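Participant: Sequence and predicted model, in that order:
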Amino acid sequence: MSAITLQQARDIIAASLAEGAKRGLKPLGILVLDAGGHLIAYERQDGASIGRFAVAMGKASGALQIGVSSRKIGEMAAERPTFVSSLAPLLPHGAVPAAGGVIVVDDKGSVLGAVGISGDTSDNDEICAIAGIAAAGLLVQS
């Protein structure tokens, strides 16, 4: 497999939304990017603020561009704040240093794309992303 299909992106979004509903989370914005950082699909729940797209994009796109999850970028920010703060103007969609941006890989570890979620706590956003990826039969970069 070399790419996330539109149907897989829709499955990721549906399963992520189901996980959020199961947990009683705030309204989410969820997007799926291909390996080149191009948008495959996005959905924003009723009541989610307009800024959810930009934050989800910053999480997913930043993860792809740096090569690690947005959670790890957040950890890097604590260790190297000057480096991480310099990313925003350098990367087309910035890099949000908080959990919720997860890299999707195939069974060989090749990057297929990324999922970004924003709406609840960053930890909950990430939980939903991982659940959505698993439900679509794809893997999360370790």
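Facilitator: Yes, it's here.
Participant: which residues sit in contact with the residue nearest the centre of the chain?
Facilitator: Residue closest to the mean C-alpha point of the chain, counted by C-alpha atoms, centre = their mean, is Gly116 at 1.9 Å. Shown in contact with Gly116 (C-beta atoms under 8 Å, 6 or more residues apart in numbering): 30-31, 33, 55-61, 63, 70, 100-102, 129. C-beta coordinates here come from the backbone N, C-alpha and C atoms, glycine included.
Participant: now the helices: where do they sit in this protein?
Facilitator: Listed in chain order, the helices of the chain (DSSP state H) span 6-23, 52-66, 70-79, 81-85, 87-90, 122-135.
Participant: Averaged pLDDT, the fifth one. What do you get?
Facilitator: In other words, helix 87-90. The average pLDDT for helix 87-90 rounds to 85.
Participant: In that helix, which residues are buried?
Facilitator: Buried positions in helix 87-90, judged by neighbour count with 16 or more other C-beta atoms under 10 Å: Leu87.
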